[in-house]
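In: based on what follows, work out the 3D shape:
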Amino acid sequence: MTEKNTETKKTTPEQVEEDRALDLALRPKGWDEYIGQKKAKQNVQIMIKAAEKRGESCPDHMLFHGNSGLGKTTLAYLIAKEMNAGIRITSGPAIKKSGELAAILTNLSEGDVLFIDEIHRLNKVCEEMAYPVLEEFNLNLMVGNGPMARTVDLNIPRFTLIGATTQLALLSGPLRNRFGATFRLKPYSKEEIEKIIRRSAEILGVKIDEESIKDIAERSRFTPRVANRLLKRVRDFAEVEGDGTINPKITKKTFDSLNIDEKGLESGDINILTTIMEKFDGGPAGIKAIAAAANENKDTILEIYEPYLVQIGFIKRTSRGRIATEKAYNHLEK
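Out: Have a look, this model is predicted:
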């Protein structure tokens, strides 16, 4: 059996272990520090204020969808702070049994925020158990087994569920319909990413010039998490190879060492593109065929590589398969 590529991408939008401390240090503490996603931010603030005016302990349930690293978790923290509420963080894959979900729900306090990341991966039993909770804040529990089994109804304190998903299409209709508002988080503009890098550099106490800010932003895939991770890497090189100041020379040396090109592409991205170009004559090619030919996992291509390659116009999706565009050929000089 062929071994799949397991190299960790430096530009992956998924959170990796090294990001946890950095994300915490750089996480915005208030709405004025949260850069980007202006429309979603405004609508969320209106929902919170409207609930307060009506004398309600919390606003409607909210669903955020979009690529990884765009700030869904950060928004959940800011919402909880705006509401002066506690927040409980979990994920769909972490809730394996209905009893685990029941334990989470019964430990919530009035007005709390429950954030479930990757909510599309919540198992069917837990999902169906959540329906009456989300509608009526009533939890139906089955106690006992066999003939002695009985149903117990528990009142759950009113809370706001914030769901986050990278794959909205995988969320069932009944669950999706129980959210009062759905927001799509869009990729950031280059200017917004540059603002985030300036803010992060200031918090980290790093001196950086404008050219280096632009260089990092270009390679960030327009994702805050990636921008901050790359800034950290460049800072390391600046401290070891220079005087601690980030300049274009240090930035170039960092990205050459990490094998990240000017568009933020790494070896895995280039492997996908060259596979389509060389083994399928530019396409169209089906995703399973590309995965097999590139020695890569199909889901990894769909979730990690393809979204950005489509976003920058290097891959085009068609009904017959994926096609490498002229922009991709020009970039790789094929």
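
In: helix, strand, or coil at the residue lying closest to Thr223 once chain neighbours are set aside?
Out: Nearest residue to Thr223, sequence neighbours excluded (Cβ to Cβ, 6 or more residues apart in numbering): Gly69, at 4.2 Å. Yep, even glycine has a C-beta here, placed from its N, CA and C like the rest. Under DSSP: H, G, I helix; E, B strand; the rest coil, Gly69 falls in the coil class.

In: from memory Gly69 sits against Phe222, does it?
Out: No: contact criterion Cβ atoms under 8 Å: Gly69 and Phe222 do not qualify, at 9.7 Å.

In: same question for the helix or strand containing Tyr77: list its buried residues.
Out: Per DSSP states H and E: Tyr77 is located in helix 72-82. Neighbour counts over helix 72-82 (16 or more other Cβ atoms under 10 Å) mark 72-80, 82 as buried.

In: what does stretch 25-34 give?
Out: In stretch 25-34, counting by 16+ other Cβ under 10 Å, buried: 26, 28, 34.

In: closest one to Asp299 out of these, please.
Out: Set against Asp299, the nearest of the buried residues of stretch 25-34 by Cβ to Cβ is Leu26 (28.8 Å).

In: touching, the closest one and Asn228? I think so.
Out: Yes: between Leu26 and Asn228 there is a contact under Cβ under 8 Å: 5.6 Å.

In: common neighbours of these two, please.
Out: Shared contacts of Leu26 and Asn228 (Cβ atoms under 8 Å, 6 or more residues apart in numbering): Ser200.

In: what about the helices in the stretch 101-250 of the chain?
Out: 124-136, 173-176, 190-204, 210-219, 224-241, 248-258 (DSSP state H, counting those that start in this stretch).

In: distance of the residue nearest to Thr223 relative to Arg176?
Out: Relative to Arg176, Gly69 is positioned 22 Å away (Cβ to Cβ, to the nearest Å).

In: who's more crowded, these two?
Out: Taking other Cβ atoms under 10 Å, Gly69 and Arg176 do not tie; Gly69 has more neighbours (28 against 17).

In: which residues sit in contact with the closest residue to Gly111 other than its chain neighbours?
Out: Leaving aside its sequence neighbours, Gly111 sits nearest to Ser57 (Cβ to Cβ, 6+ apart; 4.1 Å). Each residue near Ser57 by Cβ under 8 Å, 6+ apart is listed here: 51, 110-111, 158.

In: tell me the one among those nearest to Lys232.
Out: Gly111 (35.9 Å).

In: next, give phi and psi for the closest one.
Out: phi 80, psi 0 (degrees, to the nearest 10).

In: which residues in this protein form strands?
Out: 62-65, 87-91, 113-117, 138-143, 150-155, 160-165, 181-184, 315-318, 321-324 (DSSP state E).

In: okay, the angle between the second one and strand 160-165?
Out: Here strand 87-91 points in a direction 30 degrees away from that of strand 160-165 (axes from the mean of the first three to the mean of the last three Cα atoms, to 10 degrees).

In: so Phe159 touches Leu114, yeah?
Out: Yes: judged on Cβ under 8 Å, Phe159 makes contact with Leu114 at a distance of 5.6 Å.

In: where do the contact lists of the two overlap?
Out: Joint contacts of Phe159 and Leu114 (Cβ under 8 Å, 6+ apart) are Leu108.

In: next, the closest residue to Arg225 other than its chain neighbours: phi, psi?
Out: Once flanking residues are discounted, Arg225 sits nearest to Gly69: 3.5 Å by Cβ to Cβ, 6+ apart. The phi/psi pair for Gly69 (degrees, to the nearest 10) reads phi 80, psi 10.

In: can you show me the CA trace of stretch 70-81 as PDB?
Out: Output in PDB follows, covering the C-alpha atoms of stretch 70-81 (Å, rounded to 0.1, in the frame of the first residue of the first chain):
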ATOM      1  CA  LEU A  70     -11.100  32.800   9.600                       C
ATOM      2  CA  GLY A  71     -12.000  33.600  13.200                       C
ATOM      3  CA  LYS A  72     -15.100  31.500  14.100                       C
ATOM      4  CA  THR A  73     -13.700  30.600  17.600                       C
ATOM      5  CA  THR A  74     -12.600  34.200  18.100                       C
ATOM      6  CA  LEU A  75     -16.100  35.400  17.300                       C
ATOM      7  CA  ALA A  76     -17.600  33.000  19.900                       C
ATOM      8  CA  TYR A  77     -15.300  34.400  22.600                       C
ATOM      9  CA  LEU A  78     -16.200  38.000  21.700                       C
ATOM     10  CA  ILE A  79     -19.900  37.200  21.700                       C
ATOM     11  CA  ALA A  80     -19.600  35.600  25.200                       C
ATOM     12  CA  LYS A  81     -17.700  38.600  26.400                       C
END
